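*Asks:* fold the following, please.
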Amino acid sequence: MNMKPKSLEAELFYRPDDMLDNSDISENVLNIFEVAGRHNEISVSDEQVDGSIQEVNAESEEDMLVYGCYIGECLALRKEVDLQKYPLSYLRNKVLDSLIALTELYDVRSSFLSNSELMF
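*Replies:* Numbering: from 1, shown residues only. Okay, here's the model as predicted:
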């Protein structure tokens, strides 16, 4: 889900096999927009919210997680989400590379902390 409270836009990315109840999703989206509106002292009605749904061609929960990482990266870096641009295997390898890099960073920090503790 990508929500933009200032422009009252919401975009849902979903897997077609998921058993979704769109009314629950819509209700939750509207509640979030209402909370954001109260915080900014504006009223929000459901007619003002512009929503869209984008289908993700994920065959499993793992595939959906990989696509979710790609979508999150695109949104964080303000890039267009194009689910057809890269094959799933490329995106999966990118996620694994990121996890390995984080693990190595953790190992470096842990060893640094262990060595600095010995100094004191």
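*Asks:* so what are the sheet partners of the host helix or strand of E11 and their directions?
*Replies:* E11 belongs to strand 9-14 when assigned by DSSP states H and E. Strand 9-14 pairs in its sheet with strand 2-4 (antiparallel), strand 50-55 (parallel), by DSSP bridges.
*Asks:* what's the closest of these to D97?
*Replies:* Proximity to D97 (C-beta to C-beta) singles out strand 2-4 among those, at 24.2 Å. C-beta: built from backbone N, CA, C; applies to glycine.
*Asks:* can you pull out the helices in the chain?
*Replies:* 22-39, 61-76, 88-119 (DSSP state H).
*Asks:* next, the buried residues of the strand holding E11.
*Replies:* Residues of strand 9-14 classed as buried by neighbour count (16 or more other C-beta atoms under 10 Å): 10-14.
*Asks:* now it - C-alpha only, CSV.
*Replies:* Taking Å, rounded to 0.1, in the frame of the first residue of the first chain, the C-alpha atoms of strand 9-14 are listed here in CSV:
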residue,chain,number,x,y,z
GLU,A,9,-4.1,9.2,-3.1
ALA,A,10,-3.8,5.5,-2.2
GLU,A,11,-2.3,2.7,-4.3
LEU,A,12,-2.7,-0.9,-3.4
PHE,A,13,-0.4,-3.6,-4.7
TYR,A,14,-1.9,-7.1,-4.3
